[in-house]
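Participant: just coords:
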């Protein structure tokens, strides 16, 4: 699209109108877009077209219509966080990530749905309702950037920008069959992330902002404009990420980790992942069964503790305080979330030291292996359950009902280590639901994760457009 804009084969206004027409046709079915600002966007698109007539090219996204998750502040465009209490909230300033998209020439024209305060693995809230998975309308597209993924899958936008603290980019990419990238923590500024009534002023621990797209190349285009530390209103510093570690898939040292007692994966999903790995081996790629030398349950407890400290609600704090003096035998690792919400500074510091040890082990692992291939989630897309809290839902894994919170375990062990992870589609289950795989790279070596994913995509070639999108 950018090449077509540059060659003047199409105008930005024409592209914007095409996306708006698709939204008018498909959005009533999937409910992905919750706010449109066509008038201002058309003015911006017209300015982009006029600028290029004068020979003024704004940047790598000149005139490109894009949407963003409704958790990222957009100046002059409603941003609600999925909360009824903020149904008319219109920020005065852009989130840092949104400002960078605009600085690259993008035309921000739409906001996409999310769960309340980005806090669920399905995309539903009382303000906008549920977003449907385009592969099965009764199923959820994941969360919390579920509608971001649906907008990409259905071609309602050129690029999307979501957030990820527990798989909120990666799970939706996996559940809807698109591409997503969780950047290294700290690479993209989080200022302007509206995840609570007083949110948006500081970066949230573990959380990252990153792109969803229809190809790895598009992920890389977006990341190149998003990356760089926040400078408190100063000029954006240039960031040069290390290049990929190899120039061919055969040149990479790849590890695969598909099964673990603490990280269950349904057989239907595992079968798709195994076929993808087998395809790589058949193509001559060296892949070893290996994983970091960490105690997975201990890592998960550290992750959920820090997650609770980062996003715990007053209700979680109250429950956590009640738990502190009441040890529970065989307490699930997820209970650490409540303990983290009620933890003190000393406990948080200890958890940070535990995280440092986890990161050190991953660094040793990445001295031997360039990237790790692992599952995104234990299942394919699950039925939507509007109004049912995450803690009250279950997921079926090989016929056994397991707590739904286990959906984020695979993503959590990567997130707590601050590592970059690219999700690429690798096939569908026997029932036709998409499956993605995580490509986990070394810290701040996002381009290695992206490059490996791109090359896997060239062999597996599993990306498909949902039938509903083809109809449009």
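Facilitator: Thanks, I have it. The structure presented is a predicted model; accordingly, all values stated were derived computationally and were not measured. Residues are numbered from 1 along each chain as shown.
Participant: now the residue nearest to residue 19 when sequence neighbours are not counted: how far from residue 352?
Facilitator: By the measure of CB to CB, 6 or more residues apart in numbering, the closest residue to residue 19 outside its immediate chain neighbours is residue 65, 5.1 Å from it. Just so you know, the C-beta spots here come from the backbone N, C-alpha and C atoms, and that holds for glycine as well. Using CB to CB, to the nearest Å, residue 65 is found at 41 Å from residue 352.
Participant: So which bits of stretch 201-216 are buried?
Facilitator: Buried residues in stretch 201-216, counting neighbours by 16 or more other CB atoms under 10 Å, are found at 203-214, 216.
Participant: which stretches of the stretch 351-472 of the chain form strands?
Facilitator: Under the criterion DSSP state E, counting those that start in this stretch, the stretch 351-472 of the chain contains strands at 371-375, 394-397, 400-403, 421-428, 434-440.
Participant: With the stretch 1-150 of the chain instead?
Facilitator: Secondary structure of the stretch 1-150 of the chain, counting by DSSP E, counting those that start in this stretch: strands at 33-36, 65-69, 107-112, 124-125, 129-130.
Participant: Adding distance to residue 358 as columns, could you present these in JSON lines?
Facilitator: Rendered in JSON lines, the data for these read as follows (distance: least, CB to CB, whole Å):
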{"stretch": "strand 33-36", "distance to residue 358": "37"}
{"stretch": "strand 65-69", "distance to residue 358": "28"}
{"stretch": "strand 107-112", "distance to residue 358": "32"}
{"stretch": "strand 124-125", "distance to residue 358": "32"}
{"stretch": "strand 129-130", "distance to residue 358": "35"}
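Participant: For this protein, identify the residue most remote from the centre.
Facilitator: residue 54 (37.4 Å; CA atoms, centre = their mean).
Participant: Same drill for residue 65 and residue 352, tell me which one is more crowded.
Facilitator: In this view residue 65 and residue 352 are compared by other CB atoms under 10 Å, and residue 65 has more residues nearby, 28 against 14.
Participant: Quick one, grab the pLDDT at the more buried one.
Facilitator: Residue 65 carries a pLDDT score of 98 in this model.
Participant: I'd assumed residue 15 was in contact with it.
Facilitator: Yes - using CB atoms under 8 Å as the test, residue 65 is close enough to residue 15 to be in contact (5.5 Å).
Participant: quick one: the residue nearest to residue 19 and residue 184, what's the gap?
Facilitator: Taking CB to CB as the measure, residue 65 and residue 184 are separated by 28 Å.
Participant: burial count for residue 139?
Facilitator: When neighbours are defined as other CB under 10 Å, residue 139 has 19 of them.
Participant: And the one 5 residues further on, by the same measure?
Facilitator: Other residues within reach of residue 144, judged by other CB under 10 Å, total 32.
Participant: do residue 318 as well
Facilitator: The tally of other residues near residue 318 (other CB under 10 Å) stands at 13.
Participant: Identify the residue nearest it in space, chain neighbours excluded?
Facilitator: With CB to CB, 6+ apart as the criterion, residue 318 has its nearest non-adjacent residue at 7.8 Å, and that residue is residue 342.
Participant: Torsion angles phi and psi at that neighbour?
Facilitator: Note on residue 342: backbone dihedrals following degrees, to the nearest 10 are phi -100, psi 10.
Participant: That one against residue 315, yeah?
Facilitator: No - in this structure, residue 342 sits apart from residue 315 without contact. The criterion is CB under 8 Å, and the distance is 10.9 Å.
Participant: Between these two, which is the more surrounded one?
Facilitator: In this comparison of residue 342 against residue 315, neighbours counted by other CB under 10 Å, the higher total goes to residue 342 at 19 against 10.
Participant: Roughly how far does the more buried one sit from residue 120?
Facilitator: In this structure, residue 342 and residue 120 are 21 Å apart, going by CB to CB.
Participant: Surely residue 416 and residue 296 touch.
Facilitator: No - at 11.3 Å, residue 416 and residue 296 do not qualify as touching, with contact defined as CB under 8 Å.
Participant: Please say which of the two ends up with more neighbours.
Facilitator: The residue with more neighbours, out of residue 416 and residue 296, is residue 416; 27 against 16, by other CB under 10 Å.
Participant: which residues touch that one?
Facilitator: When the contact criterion is CB atoms under 8 Å, 6 or more residues apart in numbering, the partners of residue 416 are 206, 299, 302-303, 306, 355, 358.
Participant: Over to residue 23?
Facilitator: Contact analysis of residue 23 by CB under 8 Å, 6+ apart lists 33, 36, 110, 156.
Participant: How much space separates the third one from residue 70?
Facilitator: By that I understand residue 110. 10 Å.
Participant: joint contacts of the two?
Facilitator: Going by CB under 8 Å, 6+ apart, residues that sit against residue 110 and also against residue 70 are residue 35.
Participant: So for these two, which residue has more residues nearby?
Facilitator: For residue 110 against residue 70, the residue with the higher neighbour count under other CB under 10 Å is residue 70, and the figures read 31 against 28.
Participant: anything in contact with each of residue 65 and residue 15?
Facilitator: A shared contact of residue 65 and residue 15, defined by CB under 8 Å, 6+ apart, is any residue touching both; here these are 45, 158.
Participant: Tell me the helix or strand right after the helix or strand of the chain with the lowest mean pLDDT.
Facilitator: Within the chain, judged by mean pLDDT, DSSP states H and E, the helix or strand with the poorest mean is helix 314-324; its value is a mean of 78. With elements assigned by DSSP states H and E, the helix or strand that comes after helix 314-324 is helix 336-341.
Participant: which helices and strands sit right next to that following helix?
Facilitator: If contacts are counted by 3 or more CB pairs under 8 Å, 6 or more residues apart in numbering; DSSP states H and E, helix 336-341 sits against helix 296-311, helix 314-324, helix 345-368.
Participant: Rounded mean pLDDT for that helix, please.
Facilitator: 92.
Participant: With that, I have no additional questions.
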